[in-house]
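Trainee: Dropping a prediction and its sequence here:
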Amino acid sequence: MHPIKAWLKFYKCNYQPLFDTETDTSKCNWNIKKIAYYVGCQDNRSDRYRCFNFASALRKENIAVDIYDSKSICFLTKNVQYDAVIMFRENRYGMLHIKKVIKSLHSKKIPVIYDTDDFTIEDKENRYSKNILKIIRLCDAVTVTTAFLAELFVARTGKPVYVIKNTINERQLYVEEKFSIKKSPDENVIKIVYQSGTSTHNADFKQIEESLLFVLEKYENVEFHVFGPLELSWKFIPYSERIFNHPYMDYLKLQCEVSNMDINIAPLVLNDFNNSKSEVKIFEAALLKIPTICSPTEPYKAIIKNGTNGFVAETVEDWKNAFSELIENNAKRRQIGKNAFNDFVAMFSVENEVKNVIKTFERIKCESGSKN
């Protein structure tokens with residue numbers, strides 16, 4: 001878009017933000033009374049974990065939360081007053097006049113926090129990474145999902161970086177309760193599930209191709225279910241009758257579908273980008289009492305007790321052994337699933353993380369105020 005047209009569009013934008021008109025902040029016992037989330041990445045996955053889950057939990061603490069996006073960002077330059085504005089995964093530095101927005105917020109003594117759930121500045125030469133770095137330099141602090149990712153952002157940006165975990169929301173907990181009396185397990189069919197999410201996970205899946213082929217050949221009662229896009233090699237053709245592809249679906253419907261599975265897998269290539277990924281694939285399976293076999297990324301290793309609440313597998317033999325143990329021992333598979341539920345659901349519940357969120361925002365507000 002031509003710069004002049006972009007400016008005109010910016011100033012004429014009249015798409016209303018989602019203003020919170022119901023929360024009674026007079027009942028709030030925190031130093032943070034009203035915040036705003038600016039949602040730069042709208043994919044019904046990341047924005048749910050990083051913005052909408054917390055918005056709902058914060059309102060229960062009597063903190064008002066307004067929601068902005070690219071269609072309503074210009075309203076942040078108007079007469080607004082917040083204790084903090086959280087800018088989630090935005091990379092359109094010039095197009096959306098981010099410098100103007102942040103400068104306006106700072107003129108009102110409003111701290112701006114950049115939030116991300118991935119190593120979004122991994123490629124120094126990438127235009128989007130460069131834009132993100134420009135935005136972060138204008139912000140007061142950064143929040144990320146894991147300790148490993150925090151270390152990377154501290155080293156790259158020099159900004160204060162805080163960890164706010166991804167979480168399970170109350171709707172997911174409700175669905176889990178509803179499906180906790182799901183059908184009795186069919187011991188004759190074992191269903192392995194892989195939630196690929198996007199086609200970018202083809203390289204990750206290659207890590208376990210040999211192990212999964214071994215399983216499908218050895219155990220005729222095993223099915224393989226894929227949710228999302230995935231390119232399978234010709235080697236899987238002999239087992240096609242036991243391979244099921246499911247399309248992208250709403251996360252609650254996905255939860256219902258996955259509740260019938262028996263083993264969850266989370267393979268990842270070991271690099272900084274994947275070491276930064278959160279524990280979502282583990283704790284959402286744990287919510288359904290499904291054990292996970294995963295690659296030894298830093299966040300996964302930090303919470304998995306091998307053979308107790310899941311399995312960490314690095315080599316082909318590790319994956320084969322973990323698969324065999326869970327397939328051949330029904331009682332142990334169910335027990336590990338229960339252990340995962342007991343260990344991870346409380347750890348990643350939004351209700352248990354919200355106080356950390358509030359204290360983090362309070363600290364950033366205090367520290368940014370001392371600089372002004």
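Mentor: Thanks, I have it. Quick caveat: nothing in here was measured; it's all calculated off a predicted structure. Numbering: from 1, shown residues only.

Trainee: distance of residue 168 from residue 282?
Mentor: Between residue 168 and residue 282 the distance is 11 Å, computed by Cβ to Cβ, to the nearest Å. C-beta: built from backbone N, CA, C; applies to glycine.

Trainee: Surely residue 193 is within a strand?
Mentor: Yes: assessed with DSSP: H, G, I helix; E, B strand; the rest coil, residue 193 lies in a strand.

Trainee: ok, for it, nearest residue in space, not its chain neighbours?
Mentor: Spatially, and ignoring its direct neighbours in sequence, residue 193 is nearest to residue 261 (3.9 Å; Cβ to Cβ, 6 or more residues apart in numbering).

Trainee: For residue 187, report the pLDDT, please.
Mentor: You'll see residue 187 listed with a pLDDT of 67.

Trainee: Kindly report the same for the one 10 residues further on.
Mentor: What the model reports as pLDDT for residue 197 is 63.

Trainee: what's the answer for residue 149, then?
Mentor: With respect to pLDDT, residue 149 scores 97.

Trainee: mind checking which helix or strand it is in?
Mentor: For residue 149, the enclosing helix or strand under DSSP states H and E is helix 147-157.

Trainee: Which positions within that helix qualify as buried?
Mentor: Judged by neighbour count (16 or more other Cβ atoms under 10 Å), helix 147-157 contains these buried residues: 148, 149, 150, 151, 152, 153, 156, 157.

Trainee: and it, what other elements does it pack with?
Mentor: helix 127-138, strand 141-144, strand 161-163, helix 298-303 (3 or more Cβ pairs under 8 Å, 6 or more residues apart in numbering; DSSP states H and E).

Trainee: Highest mean neighbour count out of those?
Mentor: Of the helices and strands packed on helix 147-157, the one with the most neighbours on average (mean count of other Cβ atoms under 10 Å) is strand 141-144, at a mean of 24.

Trainee: So for it, mean pLDDT?
Mentor: Strand 141-144 shows an average pLDDT of 98 in the prediction.

Trainee: between the helix holding residue 149 and helix 127-138, how big is the angle?
Mentor: 80 degrees (axes from the mean of the first three to the mean of the last three Cα atoms, to 10 degrees).

Trainee: Can you mark which positions in the helix ranked longest in the chain are buried?
Mentor: Counting by DSSP state H, the longest helix found in the chain is helix 350-371. By neighbour count with 16+ other Cβ under 10 Å, helix 350-371 contains the buried residues 350, 353, 354, 357, 358, 360, 361, 364, 365, 368.

Trainee: What of stretch 111-130?
Mentor: Neighbour-count burial for stretch 111-130 [16+ other Cβ under 10 Å]: 111, 112, 113, 114, 115, 116, 117, 118, 119, 120, 121, 129.

Trainee: any chance of those in a markdown table, with pLDDT, distance to residue 105 and secondary structure too?
Mentor: Converted to a markdown table, these look like this (pLDDT from 0 to 100; distance: Cβ to Cβ, whole Å; DSSP: H, G, I helix; E, B strand; the rest coil):
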| residue | pLDDT | distance to residue 105 | secondary structure |
| --- | --- | --- | --- |
| 111 | 98 | 8 | coil |
| 112 | 98 | 5 | strand |
| 113 | 98 | 11 | strand |
| 114 | 98 | 12 | strand |
| 115 | 98 | 15 | strand |
| 116 | 97 | 19 | coil |
| 117 | 96 | 22 | coil |
| 118 | 94 | 24 | coil |
| 119 | 95 | 26 | coil |
| 120 | 93 | 21 | coil |
| 121 | 93 | 22 | coil |
| 129 | 93 | 23 | helix |
